[in-house]
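Asker: predicted model follows, preceded by the sequence.
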Amino acid sequence: MRTQVGIIGAGPAGLMLSHLLHLQGIESVVIESRTREEIESTIRAGVLEQGTMDLLHEVGLGRRMAAEGTLHHGFELAFNGTRHRIDLKDLTGHAISVYAQHEVIKDLVAARVAADAKIVFGVVETSLHNVDTETPSIRYQKDGEEHSVECDFVIGCDGSQGVSRQAIPENARKDYQRLYPFGWFGILVEAPPSSDELIYARHERGFALISTRSSTVQRMYFQCDPKDSVDNWSDDRIWHEMHARVDQSDGWKLTEGRIFQKNIVGMRSFVSSVMQHGRLFLAGDAAHIVPPTGAKGMNLAINDVRILADGLEQFYREGKEDFLTTYSETALKRIWRAEHFSWWMTSMLHQFQDASPFQQQMQLSELSYVTASRAAATALAENYVGKAATH
Ligand code: DHB
């Protein structure tokens, strides 16, 4: 099979890229190891920055997000038993939307299928070939048969465990990594929202987050041992822990409900620099990972492919490669800003096992500053909505 752009991975990066290219009249093929049902039901974060929302609207995919997602003009930081509001709209002029990542995936898949896109699910043994020539290719097996996609470019959107990054020789890239000694225990709950806005809570027992999915389904997280098992956590134990971390001195309490999903995610920061080798380009988690605090992952993935789509359009329309050549550099500015922000939010809100009393006071003083000073609150807010400047 021959196409212009071969895309590995049908997550937000791969699907959005294929949609953006289609709108420019550029052909692509997407291959994915999971099934359509799996990608449409994998539970991930749910915060869309202003720029992500704007792009979804621009490319004709904003209808369900506007109807079923919720627009949030602020969020709360809770510490020392008190909640403090960060007014995103007032501080930055922008907002965020809470709309689950797998809903974005469903909208993207529906649009691609409606346009007769070539998406091959359930592939195995994917490998990349000749990426440092002008005729790269992707090989894979499906239902026991060998297939090959010959293309002009290969875009690796296959996540942190995918094969694409490994196709960049180790001496041509540098990896930056930080592991955190904790994870997040996530639950989905059948209940009305506990709060109109998200609450990020710092507590001596550990971090907790109150988020939402709809008027009847809520998403909550609490800091845990990344090696713990969900089987160790009965519903009663979970509620006891959540109440201890988020209930407030003014009498506000979270609303319990039936827990119907539990999962534990590890946390790390990771950046592969560079994100290009010959005709291979990496996008999204294949190139970088952020800890979940602040929910930047999907937003970064969407931003990468927006830059790539412009570069590929310039290549096919004008025969020029300037945008493609500077892809890594352009994307990495935004990525490093989000890496810093996610690390900072994580560091400010979580309990580190070996933290000294001095470090605890540093966290509290920082929280007090970002909630008391308009300048500091603006720095937090502009990063949160994805409008922080870089140069
Ligand atoms: C959610 C996840 C996050 O990491 C975050 O910072 C806010 C919300 C969520 O899943 O709703």
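Answerer: Cool, the structure landed. From a predicted model like this one, the values you see are computed outputs, not experimental measurements.

Asker: can you pull the contacts of the residue most central in space within the chain?
Answerer: The chain has Gly297 as the residue nearest its centroid, 1.9 Å off, counting by C-alpha atoms, centre = their mean. For Gly297, the contacting residues are Arg44, Ala45, Gly284, Asp285, Ile289, Val290, by C-beta atoms under 8 Å, 6 or more residues apart in numbering. For the C-beta atoms, the positions are set from N, CA and C on the backbone; glycine is no exception.

Asker: per-residue confidence at it?
Answerer: Per-residue pLDDT puts Gly297 at 97.

Asker: top of the contacts of Gly297 by neighbour count?
Answerer: Most neighbours among the contacts of Gly297, by other C-beta atoms under 10 Å: Gly284, with 29 neighbours.

Asker: what helix or strand is whichever residue of the chain sits closest to the ligand on?
Answerer: Of all residues in the chain, Ser211 sits closest to the ligand, at 3.2 Å by C-beta to the nearest ligand atom. Secondary structure from DSSP states H and E places Ser211 in strand 208-212.

Asker: cool, and Asp354?
Answerer: Assigned by DSSP H and E, Asp354 falls within no helix or strand.

Asker: residues near it, how many?
Answerer: When counting by other C-beta under 10 Å, one arrives at 6 neighbours for Asp354.

Asker: can you offset everything so residue one is 693?
Answerer: In the new numbering, first residue 693, that becomes Asp1046.

Asker: show me which residues of the stretch 793-942 of the chain sit near the ligand.
Answerer: Proximity of the stretch 793-942 of the chain to the ligand (C-beta under 6 Å from any ligand atom) is limited to residues Leu890, Leu901, Ser903, Arg911.

Asker: if we can go back for a sec, what sits against the residue of the chain closest to the ligand?
Answerer: Contacts of Ser903 (C-beta under 8 Å, 6+ apart): Gly738, Val739, Val790, Leu890, Gln910, Arg911, Met912, Tyr913.

Asker: nearest to Asp850 among these?
Answerer: Nearest to Asp850, judged by C-beta to C-beta, of the contacts of Ser903 is Gly738 at 22.1 Å.

Asker: what residues does that closest one make contact with?
Answerer: Applying C-beta under 8 Å, 6+ apart, we find Gly738 in contact with Val790, Tyr791, Ala792, Gln793, Ser903, Arg905, Arg911, Ala987.

Asker: got the phi/psi numbers for Leu871?
Answerer: In terms of degrees, to the nearest 10, the main-chain angles of Leu871 are phi -100, psi 150.

Asker: residues contacting the closest residue to it other than its chain neighbours?
Answerer: Leaving out its chain neighbours, the residue that sits closest to Leu871 by C-beta to C-beta, 6 or more residues apart in numbering is Arg960, at 4.9 Å. By C-beta under 8 Å, 6+ apart, the contact set of Arg960 is Gln869, Arg870, Leu871, Tyr872, Ile981, Pro983.

Asker: tell me who's in contact with Leu1016.
Answerer: Contacts for Leu1016 were tallied using C-beta under 8 Å, 6+ apart; they are Gln968, Phe973, Leu1000, Gly1003, Leu1004, Gln1006, Phe1007.

Asker: picking up where we left off before, mind checking the SS state of the residue nearest to Leu871?
Answerer: strand (DSSP: H, G, I helix; E, B strand; the rest coil).

Asker: how far away is it from Ser1034?
Answerer: 10 Å (C-beta to C-beta, to the nearest Å).

Asker: between those two, which contacts overlap?
Answerer: With C-beta under 8 Å, 6+ apart, Arg960 and Ser1034 have common neighbours Pro983.

Asker: got any ranges where the stretch 693-842 of the chain has weak pLDDT?
Answerer: Scanning the stretch 693-842 of the chain for pLDDT under 70 picks out no residues.

Asker: all helices for it, in order.
Answerer: Under the criterion DSSP state H, counting those that start in this stretch, the stretch 693-842 of the chain contains helices at 704-715, 728-731, 742-750, 755-760, 780-784, 793-806.

Asker: dump those helices to a markdown table, plus mean neighbour count.
Answerer: A markdown table is the format used below for those (neighbours: other C-beta atoms under 10 Å):
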| stretch | mean neighbour count |
| --- | --- |
| helix 704-715 | 25 |
| helix 728-731 | 16 |
| helix 742-750 | 18 |
| helix 755-760 | 14 |
| helix 780-784 | 19 |
| helix 793-806 | 18 |
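
Asker: among these, which is nearest Gln833?
Answerer: The closest of the helices of the stretch 693-842 of the chain to Gln833 is helix 728-731. By C-beta to C-beta, the value is 18.0 Å.

Asker: tell me what that closest one is packed against?
Answerer: For helix 728-731, the packing partners by 3 or more C-beta pairs under 8 Å, 6 or more residues apart in numbering; DSSP states H and E come out as helix 793-806.
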